[in-house]
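J.: below are the sequence and a predicted model for it; my questions follow.
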Amino acid sequence: MRPSSRTVLGCLILALLIGGVGIGLRRAVTVTPVDDAFRAVLRAYAAPDAAGGTQQHD
């Protein structure tokens, strides 16, 4: 069964609406900066590299 142009148009409008909401949320909600406690957790769970150190970059 072939989709009608009305169905395709509805999907396109829905996709644009969802994209617009995503962009709006990205601009409205501030990004929380990474604190030292979170960096310590990342360092603790990082896999060691071949040299014996961690792969975590600061």
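T.: Arrived safely, thanks for sending. Residues are numbered from 1 along each chain as shown.

J.: what's the average pLDDT for stretch 24-37?
T.: Mean pLDDT, computed over stretch 24-37, is 91.

J.: first-to-last residue distance for that stretch?
T.: Stretch 24-37 has an end-to-end distance of 30 Å (criterion: CA to CA, to the nearest Å).

J.: and it, how far out from the chain middle?
T.: Centroid separation between stretch 24-37 and its chain, computed with CA atoms, centre = their mean, to the nearest Å, is 12 Å.

J.: one more: stretch 18-27?
T.: 12 Å.

J.: could you pick out the longest helix of the protein?
T.: helix 5-28 (DSSP state H).

J.: from residue 48, how far out is the most centrally placed residue in the chain?
T.: The residue lying closest to the centre of the chain (CA atoms, centre = their mean) is residue 26, at 10.1 Å. Distance of residue 26 to residue 48, computed by CB to CB, to the nearest Å: 35 Å. In this view, the C-beta of every residue, glycine as well, is placed from N, C-alpha and C.

J.: over to residue 39?
T.: 17 Å.

J.: who has more neighbours out of the two?
T.: More neighbours surround residue 39 than the other of residue 39 and residue 48, with 12 against 9 (other CB atoms under 10 Å).

J.: chain center to stretch 29-44: distance?
T.: For stretch 29-44, the distance to the chain centre is 16 Å (CA atoms, centre = their mean).

J.: what about it, start to end distance?
T.: Calculated as CA to CA, the first-to-last residue distance of stretch 29-44 is 29 Å.

J.: which parts of it are buried?
T.: Across stretch 29-44, burial judged by 16 or more other CB atoms under 10 Å covers no residue at all.

J.: distance of the spatially most distant residue from the centre of the chain from residue 12?
T.: Most distant residue from the mean C-alpha position of the chain: residue 1, 35.6 Å away (CA atoms, centre = their mean). For residue 1, the distance to residue 12 equals 19 Å [CB to CB].

J.: cool, thanks, talk later.
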